[in-house]
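Enquirer: give the three-dimensional model of this entry:
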Amino acid sequence: MNTDKEGAIALAKEVRRLTEQVRDADIVLIPPAVFLDGVDQSIQESRVELGAQSCEYREKGAFTGEVSVSMLKSVGCKYVLCGHSERRTIYGESDGVVNAKLHAVLAAGLTPILCIGETKEQRDQGRTMEVIRTQLEQGLNQVSNEQLSTIVIAYEPVWAIGTGDTASPEQAQDVHAAIREWIERASNSEVAAGIRIQYGGSVKPENVDELMQKPDIDGALVGGASLKAESFARIVKFNR
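Expert: So this is what the prediction gives:
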C-alpha cells in the first residue's frame with residue numbers, strides 16, 4: 001500500500017525504460033488495485049506484465065470492497081498473488097481461502113503466484129518444513145498436474161519481509177529444494193523441474209546475485225526495493 005496514482009504511473013514508466021533491453025527475465029508489476037488500469041496503460045507494448053496483489057474468489061455479488069478475478073483480467077492483469085503473508089497474518093486468510101482464490105485465478109486463465117512461508121516463531125520451533133508442506137498441500141488442493149505447471153510458487157519467510165533480515169542463500173536454497181521435492185512427489189519430475197519458485201523477503205540489489213546463483217531459486221518477489229525503479233531494475237538485471 002504505497003504511492004499515489006501519479007507516483008505509481010511514473011514508477012511503472014521508469015521501470016519500463018530501465019528494463020527495456022532485458023530479454024532473459026519475465027517482469028511483473030503488482031501495484032495496488034486502484035492503480036492497475038493506469039499502470040497497465042503505462043506498460044502497453046512492452047515486456048512488462050501486470051499483476052494484482054489479491055482477489056475475491058467469488059465471481060460477483062454483494063461483496064462490498066472486493067475485486068473479482070474477471071475485474072482484474074478486464075484491466076490487463078496476467079498474474080495474481082494468492083496467500084501473501086500479509087493477507088494471511090493481518091487479514092486472517094486461511095489455506096482454504098487461498099486455495100479458492102488460486103482456483104478462481106486458474107479458471108480465468110491467469111497465473112497465480114502462490115505465496116508460502118513460516119513465521120519467526122515457527123522457524124525457531126523447527127517447524128519450517130512442516131508449515132511449508134501444509135501450505136502446499138492445502139493451497140494446491142485439487143490442482144491438476146497440467147494446472148500446477150502454470151503456477152508460480154513464492155517462498156517468503158514472514159520473518160524476512162520488510163524487516164531488513166534476509167534468509168541466507170543457503171537457508172533459502174534448502175527450502176526451495178524441499179518445495180521442488182514436494183512438487184515432484186505430488187506430480188512428477190517434469191513439472192517439478194519446470195515450475196518457477198521465487199524467493200521473497202528483503203530482496204535487494206546487494207543480495208540478489210548471491211540468492212539467484214542457487215539452483216532452485218528461479219526468481220524474486222520484490223517488496224520495498226521495487227519502490228525505486230533503479231533498485232528494482234538492478235534486481236531484474238541480476239548477475240547471472
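
Enquirer: make it CA atoms for all contacts and neighbour counts henceforth
Expert: Fine.

Enquirer: mind checking how far residue 83 is from residue 16?
Expert: In this structure, residue 83 lies at 27 Å from residue 16, with Cα to Cα, to the nearest Å as the measure.

Enquirer: can you pick out the residue with more neighbours from those two?
Expert: More crowded of residue 83 and residue 16, by other Cα atoms under 10 Å: residue 83, with 31 against 22.

Enquirer: mind listing what that one touches?
Expert: Residue 83 makes contacts with 54, 93, 95, 98, 114, 115, 116, as judged by Cα atoms under 8 Å, 6 or more residues apart in numbering.

Enquirer: what's the spacing between the residue of the chain positioned farthest from its centre and residue 131?
Expert: Note on the chain: the largest C-alpha distance from the chain mean falls to residue 62, namely 28.0 Å (Cα atoms, centre = their mean). Counting by Cα to Cα, the gap from residue 62 to residue 131 is 34 Å.

Enquirer: please apply the same query to residue 116.
Expert: Spatial separation of residue 116 from residue 131 under the definition Cα to Cα is 9 Å.

Enquirer: can you give the contact residues for the helix or strand bottoming out on mean pLDDT in the chain?
Expert: Taking mean pLDDT, DSSP states H and E as the measure, the helix or strand of the chain with the lowest value is helix 120-124, at a mean of 92. Contacting residues not belonging to helix 120-124 are listed as 128, 131, 157, 158, 159 [Cα under 8 Å, 6+ apart].

Enquirer: cool, and stretch 156-169?
Expert: Residues lying outside stretch 156-169 but in contact with it, judged by Cα under 8 Å, 6+ apart, are 85, 115-120, 199-203, 210-211, 214, 223-224.

Enquirer: how about a cut-off of 6 Å?
Expert: Outside of stretch 156-169, the residues within contact range by Cα atoms under 6 Å, 6 or more residues apart in numbering are 116, 117, 118, 119, 120, 199, 200, 201, 202, 211.
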